[in-house]
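>>> predicted model and sequence below, questions to follow.
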Amino acid sequence: MNASSFQPPVRTLMGPGPADLHPRVLAALSRPTVGHLDPVFGGMMDELKDLLRYAFRTDNRLTMPVSAPGSAGMETCFVNLVEPGDKVVVCINGVFGGRMRENVIRAGGEPICIEDPWGRAVDPGKLEDTLKAHPDAKIVAFVQAETSTGASSDTRTLAEIARRYGCLTIVDAVTALAGSPLLVDDWGIDAVYSGSQKCLSCTPGLAPVSFSERALAKVTARATPVRSWFLDLNLVLGYWGGGTPGQTKRSYHHTAPVNALYALHESLVMLAEEGIEQSWARHQAHHLALRAGLEAMGLELVVPEAERLPQLNAVSIPAGIDDATVRARLLNEYNLEIGAGLGALAGKVWRIGLMGWSCRRENIVLCIGALGSVLNDLGAGVDTGAALQAAQGALPQARM
Ligand SMILES: *Cc1c(COP(=O)(O)O)cnc(C)c1O
């Protein structure tokens, strides 16, 4: 065996996640590891929960990071809330809605699926019609920010409809959190999960979740045990606290990823310093500049304007241009990563992410300049100078 230290290149990450890590977050990772039951660590965990409540705009006592990626946040919600035989309405408008359906089935529930076209928001009218037709449905699940297409669904309206029909809501906010407005308490969301590596700009591998009292009551009143030992909130809560009011004692459940949690804490401190509303505004302002540059190159965004996410921009690949060639050249020549299309959109679109620390002015200029140069080189005949001018003209006046 003749291995040496792994030295990754310094890339600019403008795909569907992970996003760039701020140097402060990288520095937090390298702080000394303490025991996961050390009282000092317990204090940090409590602060981390408060910071997550700030980010989610909630007072839910059950708010914590699951020690695994966003997909495990998804499983945590479904495996705890869905009991065998429960009817769950799942709104599908991309890859991640499809995964919700899989989760319902594996938890023993019965999915009732509503399909919307890829690249469009979930249609609230269809949800209402479906709930009228299935008065025994218990849960409504949907993705706020569908990362596979760049479509943004109206969580406030969908959650309001679900509540009117007596259903709990499960909301995927993996890409939404910190990038688009998300008001868990004001909008009456019951269970929400996110991921650390998207607009929070932390290392991949952690899944913040938050459960309302109504959702928690369903979990604790289950007739059958949760089908996952690791993700069973009845057990996890003994470790993270928050299961019972005033609980302070923490007992061993699993070994928390200590240093990764330092990093999440640091990224949330940075979010609180910036202000959550300012973070939403920064994502929107940079999205408008990116859009101006892309449109000046003659490229088209897939999602209609009113349903577009700022943090994930799906762009149609021009005719005659090879998807993989462009992405490989951006990576090799500019150290720039953009995302490929997924599922039905594979080979048809690029997904350009503006998430967290990746969402800053120098990246807009790099992305438009590099993409314009590569496309030109491949004979697409775009005016890179005009595109850069359009993007720069649309950038916010001051650094955000
Ligand atoms: C990235 C993502 C996930 C999965 O998160 P992982 O950390 O990759 O497991 C789930 N839902 C959406 C909308 C995502 O963008």
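Here it is on my side, so go on.
>>> run a quick neighbour tally on whatever residue of the stretch 251-400 of the chain ends up closest to the ligand.
Ranked by CB to the nearest ligand atom, the top residue of the stretch 251-400 of the chain for proximity to the ligand is Leu312, at 7.9 Å. (C-beta placed from N, C-alpha, C; glycine too.) Applying other CB atoms under 10 Å, we find 32 residues neighbouring Leu312.
>>> what about Ser153, neighbour count?
For Ser153, using other CB under 10 Å, the count is 28.
>>> same check on Ile114?
When neighbours are counted by other CB under 10 Å, Ile114 comes out with 19.
>>> would you list every one of the helices in the stretch 201-350 of the chain?
Taking DSSP state H, counting those that start in this stretch as the criterion, the stretch 201-350 of the chain carries its helices at 213-220, 233-240, 258-274, 276-296, 323-334.
>>> now the angle from the lowest-mean-pLDDT helix or strand in the chain to helix 213-220?
Least confident element among the helices and strands of the chain, by mean pLDDT, DSSP states H and E: helix 233-240 (a mean of 86). Taking axes from the mean of the first three to the mean of the last three CA atoms, to 10 degrees, one finds helix 233-240 and helix 213-220 inclined to each other by 110 degrees.
>>> pipe the helices of the stretch 201-350 of the chain into JSON lines and attach mean neighbour count per row.
Output for the helices of the stretch 201-350 of the chain, formatted as JSON lines (neighbours: other CB atoms under 10 Å):
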{"stretch": "helix 213-220", "mean neighbour count": "17"}
{"stretch": "helix 233-240", "mean neighbour count": "20"}
{"stretch": "helix 258-274", "mean neighbour count": "20"}
{"stretch": "helix 276-296", "mean neighbour count": "20"}
{"stretch": "helix 323-334", "mean neighbour count": "15"}
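>>> worst average pLDDT in these?
Ranked by mean pLDDT, these bottom out at helix 233-240, which scores a mean of 86.
>>> so what's the gap between that one and the chain middle?
Relative to its chain's centre, helix 233-240 lies at 23 Å (CA atoms, centre = their mean, to the nearest Å).
>>> which neighbouring elements make contact with it?
Judged by 3 or more CB pairs under 8 Å, 6 or more residues apart in numbering; DSSP states H and E, the packing partners of helix 233-240 are strand 62-66, helix 213-220.
>>> the helices of the stretch 201-350 of the chain: which one's closest to Phe41?
Judged by CB to CB, the one of these that comes nearest to Phe41 is helix 258-274, at 6.7 Å.
>>> what's that closest one in contact with?
With CB atoms under 8 Å, 6 or more residues apart in numbering as the test, helix 258-274 has contacts from 21-22, 24-31, 33-34, 36, 41, 44-45, 47-48, 51-52, 54-55, 65, 178, 196, 200-203, 205-206, 208, 279, 282, 356.
>>> show me those that map onto helices.
24-29, 41, 44-45, 47-48, 51-52, 54-55, 279, 282 (DSSP state H).
>>> and of the helices and strands packed on helix 233-240, who's closest to the ligand?
strand 62-66 (10.4 Å).
>>> tilt between the closest one and helix 233-240?
Angle, strand 62-66 to helix 233-240, by the same axes, to 10 degrees: 90 degrees.
>>> how many degrees apart are strand 62-66 and helix 258-274 in direction?
130 degrees.
>>> strand 62-66 pairs with which strands, parallel or anti?
Strand pairing for strand 62-66, using DSSP bridges, gives strand 207-211 (antiparallel).
>>> what residues are up against the residue of the chain found nearest the ligand?
Nearest residue of the chain to the ligand (CB to the nearest ligand atom) works out as Gly70 at 2.4 Å. By CB under 8 Å, 6+ apart, Gly70 lies in contact with Val174, Tyr193, Ser194, Gly195, Ser196, Gln197, Lys198, Ala207.
>>> number of residues surrounding the residue lying closest to the third one once chain neighbours are set aside?
The one in question is Ser194. What sits nearest to Ser194 in space, not counting adjacent residues and going by CB to CB, 6 or more residues apart in numbering, is Leu177, at 4.1 Å. Counted by other CB under 10 Å, the residues lying close to Leu177 total 29.
>>> doesn't Ala145 make contact with Glu307?
No. Taking contacts as CB atoms under 8 Å, Glu307 lies outside contact range of Ala145: 10.9 Å.
>>> these two: which is more packed in?
Per other CB under 10 Å, whichever of Glu307 and Ala145 has more neighbours is Ala145, with 29 against 18.
>>> wait, that one touches Thr155, no?
No. The pair Ala145 and Thr155 does not pass the contact test of CB under 8 Å, sitting 9.3 Å apart.
>>> common neighbours of those two, please.
Going by CB under 8 Å, 6+ apart, residues that sit against Ala145 and also against Thr155 are Ala176.
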